[in-house]
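A.B. asks: sequence and predicted structure are below.
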Amino acid sequence: MNLSLENKIAVVTGGAQGLGQAISRRLADEGCQVVIADTKEDAARATADEIVKATGRKSLALKTDVTQEGDVEKLFDRTVAEFSRVDIVVANAAILIAEPIAEASAEKWRAVMNVNLFGNFLTMKHACRVMKPQSRGVIIQINSKSGKKGSAANSAYAATKFGGIGLVQSVALEMAPHGIRCNAICPGNLLDSPLWTDPNNGLFVQYLKAGKVPGAKTIADVRQSYMNQVPMKRGCTYDDVCAALVFLASDAANYLTGVSLSVTGGQEMN
């Protein structure tokens with residue numbers, strides 16, 4: 001089984017923090033030169049500098065808003081100019097705003113759709129634009145278990161993730177004749193990550209305020225509710241997601257396309 005990613009050129013959107021940062025670091029550890037695209041330019045540069053220092057690999061940080069086609073076009077053009085090609089693209093940039101449907105802000109709902117779905121479209125469009133002449137490439141979308149099962153008080157996020165799986169399957173069908181594979185990873189709940197634990201905007205706080213967990217009165221109640229849903233009795237980790245990503249990006253997965261791989265400890269098995 002060939003899992004080597006040595007000297008591959010990888011682009012990671014939302015790569016400056018959280019899961020995206022962990023993915024960027026892991027790809028560099030596996031031998032990739034990594035382009036980190038993020039709206040947070042300083043954080044992207046810090047991550048790129050850390051990668052260069054730790055691994056000796058080249059890393060480029062580019063300020064990129066995935067909802068702006070000009071930014072995404074420049075991201076891929078600059079990557080090709082710097083590295084001559086693009087081998088792996090990880091469409092990771094996403095936001096989550098949880099609100100009960102009857103009270104949901106239309107503008108917040110639209111913002112989630114714009115980043116999570118339209119941003120994925122732009123990323124994949126320009127990835128395919130540069131990969132087609134190469135006749136090879138791998139696109140991996142970071143999706144969610146919410147892309148396979150609805151999520152109460154979280155309709156915008158779930159809708160974008162369901163749509164994301166349709167996008168992945170459509171791109172996979174269209175690009176297969178060109179040697180380009182497109183797959184999704186659907187992580188479970190990253191319960192120990194800042195996405196969940198941030199005291200101001202973390203999901204534990206958002207879900208408690210939104211009444212997403214019936215009867216929950218504290219953050220601890222919300223956490224326990226989510227732990228109880230996982231047969232393996234733990235949250236998903238960055239390492240769990242990165243291990244799946246390395247496999248899908250490698251030649252070992254060269255017959256897999258259009259797949260939405262659940263990494264959920266048994267919580268979601270479709």
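C.D. replies: The structure has been received and is ready for your questions.
A.B. asks: tell me which residues are up against stretch 38-55.
C.D. replies: Identification of contacts with stretch 38-55 by CB atoms under 8 Å, 6 or more residues apart in numbering yields 13-17, 20-21, 24-25, 28-29, 34, 36-37, 57-65, 93. The C-beta positions use only the backbone N, C-alpha and C, and glycine is treated the same way.
A.B. asks: skip the chain neighbours and tell me the closest residue to I180.
C.D. replies: What sits nearest to I180 in space, not counting adjacent residues and going by CB to CB, 6 or more residues apart in numbering, is G137, at 4.5 Å.
A.B. asks: what's the answer for S84, then?
C.D. replies: Leaving aside its chain neighbours, S84 sits nearest to I9 (7.9 Å; criterion: CB to CB, 6+ apart).
A.B. asks: what does stretch 152-162 contact?
C.D. replies: 94, 96-101, 104, 108-109, 112-113, 116-117, 143-144, 146-151, 186, 207, 210-212.
A.B. asks: one more time with 7 Å, if that's ok
C.D. replies: 96-101, 104, 109, 112-113, 116-117, 143-144, 146-147, 150-151, 210-212 (CB atoms under 7 Å, 6 or more residues apart in numbering).
A.B. asks: hmm, which of those are the buried ones?
C.D. replies: Neighbour-count burial (16 or more other CB atoms under 10 Å) applied to those gives 96-99, 104, 109, 112-113, 116-117, 143-144, 146-147, 151, 210, 212.
A.B. asks: if you look at the residues you listed, which of them are in helices?
C.D. replies: Secondary structure assignment by DSSP state H places W109, V112, M113, A210 of the buried ones among the contacts of stretch 152-162 in helices.
A.B. asks: which pair of the residues you listed spans the longest distance?
C.D. replies: Across these, no pair lies farther apart than M113 and A210, at 18.1 Å, counting by CB to CB.
A.B. asks: can you pull out the strands in the stretch 101-250 of the chain?
C.D. replies: Here the stretch 101-250 of the chain has its strands, by DSSP state E, counting those that start in this stretch, at 137-142, 180-187.
A.B. asks: and of these, who's closest to P231?
C.D. replies: strand 180-187 (15.4 Å).
A.B. asks: run the angle between the closest one and strand 137-142 for me.
C.D. replies: 20 degrees (axes from the mean of the first three to the mean of the last three CA atoms, to 10 degrees).
A.B. asks: so which elements touch strand 180-187?
C.D. replies: If contacts are counted by 3 or more CB pairs under 7 Å, 6 or more residues apart in numbering; DSSP states H and E, strand 180-187 sits against strand 137-142, helix 155-175, helix 238-249, strand 260-263.
A.B. asks: for L62, phi and psi?
C.D. replies: phi -130, psi 130 (degrees, to the nearest 10).
A.B. asks: right, I'll leave it there.
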